[in-house]
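Chemist: Only the shape, not the letters, is given here:
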């Protein structure tokens with residue numbers, strides 16, 4: 001395992017939370033022995049080369065966490081970790097940005113599927129558009 005020097009820790013002092021976020025980001029994307037690798041590295045999620053090499057570069061781009069409750073979030077879950085796709089977010093913001101929530105669904109006639117505009121039948125596989133009564137199909141991956 002490669003050692004990283006960043007100057008953000010003094011001897012016998014706990015690592016800063018941003019360092020843990022940076023380290024965990026790299027592990028999820030590049031270490032197949034990590035339990036979450038299948039959700040990140042195996043799906044092709046990558047870490048920006050500049051961030052991969054330097055914790056200092058990561059801090060320069062992202063800054064410190066605004067609050068201890070914030071954690072690292074990718075804005076587009078299908079894209080990797082880089083400056084244009086990452087931000088510090090609260091747990092609630094991250095919940096609303098899950099892959100299962102951001103999927104787009106359309107009925108056969110092209111109406112956008114929104115839960116409040118459509119009725120859900122008991123069987124999850126059969127959803128019908130209220131406007132045209134056609135079956136809804138899904139784009140962007142599975143739930």
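Modeler: Great, that's in hand. What you see is a predicted model, and the numbers here were worked out from it, not measured in a lab.

Chemist: domains of the chain?
Modeler: 17-99, 103-139 (automatic domain parsing).

Chemist: hey, which helix or strand in this structure has the poorest pLDDT?
Modeler: strand 119-120 (a mean of 43; mean pLDDT, DSSP states H and E).

Chemist: among the domains of the chain, where is the model least confident on average?
Modeler: Mean pLDDT is lowest for domain 103-139 out of the domains of the chain, coming in at a mean of 50.

Chemist: what ranges do the strands span in this protein?
Modeler: 71-74, 86-89, 104-107, 119-120, 127-128, 136-139 (DSSP state E).

Chemist: Can you name every helix or strand that the first one contacts?
Modeler: Secondary structure elements in contact with strand 71-74, counted by 3 or more C-beta pairs under 8 Å, 6 or more residues apart in numbering; DSSP states H and E, are helix 17-30, strand 86-89, helix 91-95. C-beta coordinates here come from the backbone N, C-alpha and C atoms, glycine included.

Chemist: Just the buried residues of the second one, please?
Modeler: Within strand 86-89, the residues that qualify as buried by neighbour count (16 or more other C-beta atoms under 10 Å) are 86, 88-89.
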